[in-house]
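Undergrad: coordinates for the following, if possible.
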Amino acid sequence: MAKPYQIKDWLPITKDEVKSRGWEALDVVIISGDAYIDHPSFGQAVIGRIIEQEGFKVAIVPQPNWKDDLRDFKKFGKPRLFFGVTAGSMDSMVNHYTANKRLRSDDAYTPGGKAGFRPDYAIIVYTKILKSLYPDTPVVIGGIEASLRRYVHYDYWSDKLMKPILIESGADLLLYGMGEQALRQLLHLLAKNIPFQSIKNIPQTAYIAANKEVLSENDWKQLSLDSYEKCMKDKMSYALNFRKIEEESNCISNAQIIQQVGEKWLVANPPFATMTGKEIDASFDLPYTRMPHPKYFKKEPIPAYEMIKFSINLHRGCFGGCSFCTISAHQGKFVASRSEKSIMNELEKLIQLPDFKGQISDLGGPSANMYQMAGIDKNICATCRKPSCIYPVVCKNLNTNHHPLLAIYKKVAEHPLVKKATIGSGIRYDLFLDSNKEKDKQNAHTLYAEQLIRNHVSGRLKVAPEHSSEEVLKLMRKPSFKKFLLFKKRFDDICNKYSLNQQLIPYFISSHPGCDMADMAQLAIDTKALGFKLEQVQGFTPTPMTLSTVIFYTGIHPYTLKPIASVKTLQQKQAQNAFFFWYKKEMQAEIRHLLKSIHREDLAESLLNYKAEKQSSKVRINKKKQFKKN
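TA: Residues are numbered from 1 along each chain as shown. Sure, this is the predicted structure:
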């Protein structure tokens with residue numbers, strides 16, 4: 001039986017909670033765009049717990065009101081060390097707007113899913129408020145919004161290039177990526193009374209320098225990007241900047257990256273090495289309650305928490321390198337995996353939650369089946385600049401052994417209080433579709449597929465083929481659609497073998513750069529032939545620091561330098577999206593019209609049986625004429 005929680009088990013969010021701890025003042029105040037959920041899946045909790053563990057006094061201001069007299073920003077006064085600012089678990093613009101730039105009516109990180117509790121460009125808004133109230137107090141920014149906007153970047157919602165977020169916001173220091181290692185080093189230096197403004201050499205941080213004298217005291221090599229002004233004049237410069245950044249981030253040994261903006265310089269120090277098992281365990285083993293703050297107990301549920309409350313994250317990072325995805329840009333290309341001990345310790349805490357009923361909703365990560373996978377020969381990885389270890393083919397130097405993951409599944413499933421453990425994260429099926437029988441057996445590929453489908457699917461298994469067009473898939477850095485067909489056959493065979501009534505749920509994207517209406521029509525035809533009526537679909541949303549976004553903005557592929565067309569108007573996007581819903585009668589006339597407009601009526605015949613419909617209509621007319629004659 002779990003011990004009852006006390007209010008002091010959470011980090012403080014009110015003045016009374018601070019006073020109850022006997023604190024007169026705080027060392028750090030965290031401002032966040034999310035509601036406070038004390039769980040390792042939410043960045044503000046992780047950062048807050050690390051600050052606490054290092055011996056500092058910290059409080060959180062979740063979702064402050066930025067429209068009133070700013071009392072939320074003032075309530076704790078001036079912290080001794082710095083303010084920490086994050087937009088939350090999502091970029092605030094992705095959180096607020098659809099791919100069609102329509103305002104969303106919900107926010108998964110707020111009680112009841114209610115929208116409107118954080119501003120657009122939240123980090124900029126929060127930081128400017130803090131700087132107006134406490135101009136001499138340093139502001140440290142982090143989280144995905146800060147991380148992916150650290151360089152000159154294209155912002156889809158304003159349709160323009162924006163300066164680095166450090167300049168736009170006026171913040172003093174940026175911690176990019178997951179941030180724990182950089183934060184600990186910052187705290188250690190501040191504990192030695194080293195002045196904040198003199199701290200320039202922490203890896204995985206970025207800052208603004210007043211002039212080009214930005215060479216650090218470390219022996220880092222340096223990589224210079226084209227300036228903001230040059231990118232504004234020349235889209236090719238912006239495209240080539242992205243290639244430099246991506247290739248550099250794919251290496252084990254990285255450079256310090258600098259970029260001029262007016263008279264100032266952005267300086268982004270190279271990242272820390274990928275976390276060891278011990279380091280990532282340290283973040284997950286902190287004393288989280290795994291629940292929202294008691295402030296929310298009488299409010300409606302927080303959707304993002306409800307989704308993950310009975311899940312366990314096994315690893316971070318992703319070597320998939322998908323063109324449209326921000327995971328590797330933020331968490332890194334190399335996978336950091338937790339130990340079995342840390343995972344099982346978290347399971348013991350999870351099963352003590354008041355409403356646990358024996359169901360684990362996920363044992364996964366950014367991709368469900370990359371646990372403990374890495375390069376076999378690290379010397380090869382040290383110089384490799386490829387963005388993906390599995391595209392266009394799985395690298396021969398990649399360890400794809402699924403035995404460690406199966407051992408975790410087995411250990412969790414055997415717990416006496418666990419009735420079923422399912423996998424909710426997306427599966428990379430290209431990691432275990434091996435035609436080499438020896439490798440298949442050695443790496444448990446077939447065994448993994450069978451164990452997964454037989455024991456760890458709760459009716460529906462998510463996968464993400466994303467498209468059926470080979471050309472579009474190349475631009476996405478996704479495997480051939482033939483791989484999906486192979487996996488579907490294996491899925492169906494295993495379901496039939498064990499008499500399982502389960503569904504495969506594929507995810508698809510419309511309006512990706514390089515995709516046209518004919519591609520979407522063919523996707524509809526291909527998935528119809530497989531018996532799918534698609535549910536999990538989305539339009540491409542350009543987000544900072546992805547290859548797809550660079551192509552969308554510049555019209556150029558940074559690696560091939562070839563022109564790539566993208567649909568950009570709302571009408572064009574809606575037209576592509578329509579093909580997902582060919583099975584709805586109300587959409588079929590529009591689809592026929594769209595195909596006629598591109599002179600591809602032949603596709604309407606395959607997709608909608610349109611030719612047969614026209615023939616049957618003529619038969620009816622002829623019969624009517626014959627009836628009148630008689």
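
Undergrad: in this structure, which residue is most central in space?
TA: Ile327 (4.6 Å; C-alpha atoms, centre = their mean).

Undergrad: wait, doesn't that one sit right on Pro366?
TA: Yes. Between Ile327 and Pro366 there is a contact under C-beta atoms under 8 Å: 4.6 Å. For every residue, glycine as well, the C-beta is placed using N, CA and C.

Undergrad: need the residues touching each of those two.
TA: Residues within reach of Ile327 and of Pro366 at once, by C-beta atoms under 8 Å, 6 or more residues apart in numbering, are 317-318.

Undergrad: circling back: distance of the residue nearest to the centre of the chain from Glu450?
TA: Per C-beta to C-beta, to the nearest Å, Ile327 is found 27 Å from Glu450.

Undergrad: for the nearest residue to Lys163 once chain neighbours are set aside, what are its contacts?
TA: Spatial nearest neighbour of Lys163, chain neighbours left out: Val261 (5.3 Å); criterion: C-beta to C-beta, 6 or more residues apart in numbering. The contact partners of Val261, by C-beta under 8 Å, 6+ apart, come to 152, 163-164, 167, 227-229.

Undergrad: in the stretch 501-630 of the chain, which spans are helices?
TA: Using DSSP state H, counting those that start in this stretch, the helices found in the stretch 501-630 of the chain span residues 517-529, 547-554, 570-578, 585-597, 601-608, 610-629.

Undergrad: now the ones you listed in a markdown table, with mean neighbour count and distance to Ser388?
TA: Formatted as a markdown table, the helices of the stretch 501-630 of the chain follow (neighbours: other C-beta atoms under 10 Å; distance: least, C-beta to C-beta, whole Å):
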| stretch | mean neighbour count | distance to Ser388 |
| --- | --- | --- |
| helix 517-529 | 20 | 22 |
| helix 547-554 | 25 | 11 |
| helix 570-578 | 17 | 25 |
| helix 585-597 | 15 | 33 |
| helix 601-608 | 18 | 31 |
| helix 610-629 | 10 | 40 |
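
Undergrad: which one of those helices lies nearest to Met476?
TA: If you check each of the helices of the stretch 501-630 of the chain against Met476 by C-beta to C-beta, helix 547-554 wins as the nearest, at 7.3 Å.

Undergrad: contacts for that closest one, please.
TA: 154, 156, 235-236, 238-239, 242, 246, 323-324, 387, 475-477, 512-514, 540, 542-543, 556-558, 564, 566, 568.

Undergrad: among these, which ones are buried?
TA: In these, burial by neighbour count holds for 154, 156, 235-236, 238-239, 242, 246, 323-324, 387, 475-477, 512-514, 540, 542-543, 556-558, 564, 566, counting by 16 or more other C-beta atoms under 10 Å.

Undergrad: just those residues: which are in strands?
TA: Using DSSP state E, Tyr154 are the members of the buried ones among the contacts of helix 547-554 that sit in strands.

Undergrad: show me the contacts for Ser337.
TA: So Ser337 contacts 277, 280, 314-315, 371-372, 404 (C-beta under 8 Å, 6+ apart).

Undergrad: what residue ranges in the protein are flagged as low confidence?
TA: 1-3, 213-217, 610-630 (pLDDT under 70).

Undergrad: if we can go back for a sec, out of the helices of the stretch 501-630 of the chain, nearest to Arg118?
TA: Smallest distance to Arg118 across the helices of the stretch 501-630 of the chain (C-beta to C-beta): 22.1 Å, for helix 547-554.

Undergrad: can I get the helices of the stretch 501-630 of the chain in CSV including distance to Cys251?
TA: Listed next are those as CSV, based on distance: least, C-beta to C-beta, whole Å:
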stretch, distance to Cys251
helix 517-529, 34
helix 547-554, 17
helix 570-578, 36
helix 585-597, 45
helix 601-608, 44
helix 610-629, 52
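
Undergrad: so which of those helices gets nearest Gln256?
TA: Closest of the helices of the stretch 501-630 of the chain to Gln256 is helix 547-554, at 22.0 Å (criterion: C-beta to C-beta).

Undergrad: measure Arg490 to Lys441 for me?
TA: Taking C-beta to C-beta, one finds Arg490 at 16 Å from Lys441.

Undergrad: so if I had to pick from the two, which one is more boxed in?
TA: The residue with more neighbours, out of Arg490 and Lys441, is Arg490; 17 against 12, by other C-beta atoms under 10 Å.

Undergrad: where does the more buried one fall, secondary structure wise?
TA: helix 481-497 (DSSP states H and E).

Undergrad: give me the buried positions along that helix.
TA: 481, 484, 486-488, 490-491, 494-495.

Undergrad: tell me which strands and helices it is in contact with?
TA: helix 445-455, strand 460-466, strand 503-510 (3 or more C-beta pairs under 8 Å, 6 or more residues apart in numbering; DSSP states H and E).

Undergrad: reformat these as CSV; add distance to Ile351 and mean neighbour count.
TA: Listed next are the helices and strands packed on helix 481-497 as CSV, based on distance: least, C-beta to C-beta, whole Å; neighbours: other C-beta atoms under 10 Å:
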stretch, distance to Ile351, mean neighbour count
helix 445-455, 19, 19
strand 460-466, 24, 21
strand 503-510, 27, 20
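
Undergrad: so what's Tyr371 up against?
TA: Counting by C-beta under 8 Å, 6+ apart, Tyr371 touches 314-315, 335, 337, 365, 404-405, 408.
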